[in-house]
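Undergrad: Build me a model:
(3 chains)
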Amino acid sequence: MALDFSKGIIEVRWHGRGGQGVVTSNQMMGKAALSEGNYIQAFPEFGPERTGAPVKAFLRISKSPIQLYAQIYQPNIVICIDPTLIDVMDVSEGLKKDGTLVLNTQMTPEETRKKLGLKTGKVVTVDAKAIAMQILGRPFYNMPTLAAAVKTTGAVKFETVINEVVSRYPGKVGELNKTAMERAASEAKVG
Amino acid sequence: MSKKFNEIPMGGNILEPGSAMQYKTGGWRAERPKHTPDDCLWLKNGTCLLCWIFCPDNAVKIAEKDGKRTYAFDYDYCKGCGICANECPNSCIEMESE
Amino acid sequence: MNVPIPASKWRVSDEMTAATKSSKTTESSSNIEGLTGDAAIARALKQCDIDVLSAYPITPQTIIVEDYQRFFADGEVKTKVIPVESEHSAMSACIGASAAGARVATTSASAGLALMWEVLYCASGLRLPIVLAVANRALSAPINIHNDWSDSYGARDSGFIQMYCQSCQEAYDTTIMSFKIAENHSVLLPAMVCIDGFILSHNVEHVELLPDEVVRDFIGIRDPAQVLDPDKPITIGPICFTDYYFEVKEQQDRAMKEVFRVYKEVESEFEKISGRSYGIYETYRTKDADIVLLTHSSPAGTAKAVVDALRDRGERVGLLRLKLFRPFPAAEIGKELASAKAVAVFEKCLSFGAAANPLALEVRTALYEQPKRPLVTDFVIGLGGRDVPPTVIVEGYNKTKQYLEKGKAPFYETLGVRK
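TA: Got it, this is the predicted structure:
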């Protein structure tokens, strides 16, 4: 019988490239969970960030204090904000059978499943790149991908995350991100 | 010297200023300075005082009262180092065996 | 022995320096924030109304210095912030300021702590209650910025109190308590507050902050015992040779022993204002445990999750999480562990050429006087930030079980390394 070390904890693993905002969006999701009365741990795969290098970040959410201090090997949710990473590494590694994989990609969930050979769980795809380029005018994929993840997993409330983003980036930047996130949430495909 | 750990100030600090006065270094002396007043610039015209400046133990005692200048060594503290004799430009100080 | 001097005579800043500005945080009513371990320590330092912060930034402690510099630049603190050119100078400036009666803090890690080395001993020898926050990081070479305990374990004989924290909340709480412990006149020793670099220093957690005025009332104003004052000159740090040095060290040793009592007093007061306490060590499900895991900092948290999972499977296992490593609570831990069959020590440090490693050496010594000595295993884990997943702790537990059956264990071994 396998030992369960993370009872009652939602574990999220982020994949992206240095400079794409993996750490920031992870913290954003964490702080949203915190403001909903949860205990959290939000930490990057530690190290000096190098632009372009594959990076990871981790998030734990729980109703009670979290004791476990280690990286996440069997996540409930995997969020990958860079469309090219799936060719380089197995982003779904260790994903729980009933877990959710959220990808920024132009592929459909079915195409993604086929490509990754993934049969279980839930696959969510969103073309965050197109949304970011159209609304933000720059390749900031992280917030739209976060929106798709939040909307489809319910790990935290969508409104809480929006509030977190708007208060962190007051003014136009926050508003544009909000628009991009709302669109990503409505366009996310689940399969 | 024989005080126990709880009888000395914390960290070995010295809480009384000028407590070095309690230690009479005169006991270290093997040679004592001897002053010959004839060519001493201090006694002559009130200048120089190199011996007074350089003495590490403040053992050169000088004074001036009613235009009359005096010169002496404090043998309680003079440890006989000979710096005064070395510094004197007119060779007024000589070191003699105790 | 100690000459009390009224605060008005030595105080550096003319009034309390705690922020009067309205808080810039977005949470209006809640005092719960998501903070990294570093940020939590910076916030605690801000509330502790320190007079001088003299520090040199080094990964992974950087956020503490950055945050505090920002508080200073924004006028939220009146602290004299000294941006020094090295850690050696950082601690030296702290010593001067602390000797002048100021409440002083600094922070470092790894190579920075190593560069402070000779001055650490001056801080403790001069009995100056400086608080040093350490984000534990490995030592070079090879160069590495990640976590292990080689840096502060190396400084374990420097005369600093050493407290190791498991969570960001504990880092915040311990920083506040550390001033009150260090500045107590029975102690008067510098204190290290240690968190695991990156694992805690860069990990956003749920941290409940106390109101400024509550912290202010709790720690009060430093009341220095002997202080540099031009109007009342004393000599601090004179030469002590064969005649007095030993007596001064005897004083220091006895002061260190006072920490057990003072820590408990301070913590019970702290519990009244916060509802939180940690103890000089914490026991977790040890009551009927055959094997007790023993570690501290972040691996202790992971070990709790391991204990829970193993208990579900019917294993009789518990955890003793150490908080205070200096002074080491040998007598109490000895008694606590006496009924166990084995103790499995997990530590993030290798003491090259030693019989075992720093934590296990202490534990074995603590148990030596017990009538029925438990078997002690020593596992070196997580060097240079190598992740310590629960499975590594389980591996150590399983090995300890095997050794217990054989009745013999190696002095120590490494776990989680490719060999």
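Undergrad: for residue 82, what are its contacts?
TA: Picked chain A for this. Contact partners of residue A:82, counting by C-beta atoms under 8 Å, 6 or more residues apart in numbering or on different chains, are A:15-17, A:20, A:54, A:104, A:141. No exception for glycine: its C-beta is placed from N, CA and C like everyone else's.
Undergrad: my bad, chain B
TA: B:31, B:33, B:95.
Undergrad: ok, residue C:51 touching residue C:96?
TA: No - in this structure, residue C:51 is not within contact of residue C:96 by C-beta atoms under 8 Å, at 11.8 Å.
Undergrad: shared neighbours of these two, which are they?
TA: Contacts common to residue C:51 and residue C:96, judged by C-beta under 8 Å, 6+ apart, are absent.
Undergrad: quick revisit: restricted to strands, list the contacts of residue A:82.
TA: Among the contacts of residue A:82, the members falling in strands (DSSP state E) are A:15-17, A:54, A:104.
Undergrad: Show me which helix runs longest in chain A.
TA: If you go by DSSP state H, chain A has its longest helix at helix A:172-187.
Undergrad: interface residues of chain B facing chain C?
TA: With C-beta under 8 Å from any C-beta of the partner chain as the criterion, chain B comes near chain C at residues B:1, B:3-6, B:8-17, B:19.
Undergrad: again, only using 7 Å
TA: Residues of chain B lying close to chain C (C-beta under 7 Å from any C-beta of the partner chain) are B:1, B:4-5, B:8-15, B:17.
Undergrad: how about CSV for those residues, with pLDDT added?
TA: As requested, the residues of chain B next to chain C are arranged in CSV below (pLDDT from 0 to 100):
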residue, pLDDT
B:1, 58
B:4, 95
B:5, 96
B:8, 94
B:9, 94
B:10, 95
B:11, 94
B:12, 93
B:13, 94
B:14, 93
B:15, 93
B:17, 90
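Undergrad: So which of those is the closest to chain A?
TA: residue B:11 (38.8 Å; C-beta to the nearest C-beta).
Undergrad: Looks like the closest one contacts residue C:125 (just checking).
TA: Yes - the criterion here is C-beta atoms under 7 Å, and residue B:11 meets it with residue C:125 at 6.4 Å.
Undergrad: Please state the offset of the longest helix of chain A from the chain centre?
TA: Chain-centre distance of helix A:172-187: 15 Å, with C-alpha atoms, centre = their mean, to the nearest Å.
Undergrad: Which strands or helices does it pack on?
TA: If contacts are counted by 3 or more C-beta pairs under 7 Å, 6 or more residues apart in numbering or on different chains; DSSP states H and E, helix A:172-187 sits against helix A:128-131, helix A:142-153, helix A:158-168.
Undergrad: what does it contact?
TA: Helix A:172-187 has contacts (C-beta atoms under 7 Å, 6 or more residues apart in numbering or on different chains) with A:126, A:128, A:131-132, A:135-136, A:143-144, A:147-148, A:151, A:158, A:162, A:165-166, A:169.
Undergrad: try 10 Å this time
TA: Helix A:172-187 is contacted from outside by A:104, A:125-128, A:130-138, A:140-152, A:158, A:161-169, using C-beta atoms under 10 Å, 6 or more residues apart in numbering or on different chains.
Undergrad: What sits closest to the residue positioned nearest the centre of chain B if chain neighbours are left out?
TA: Centroid-nearest residue in chain B: residue B:59, 1.6 Å away (criterion: C-alpha atoms, centre = their mean). Once flanking residues are discounted, residue B:59 sits nearest to residue B:78: 3.9 Å by C-beta to C-beta, 6 or more residues apart in numbering or on different chains.
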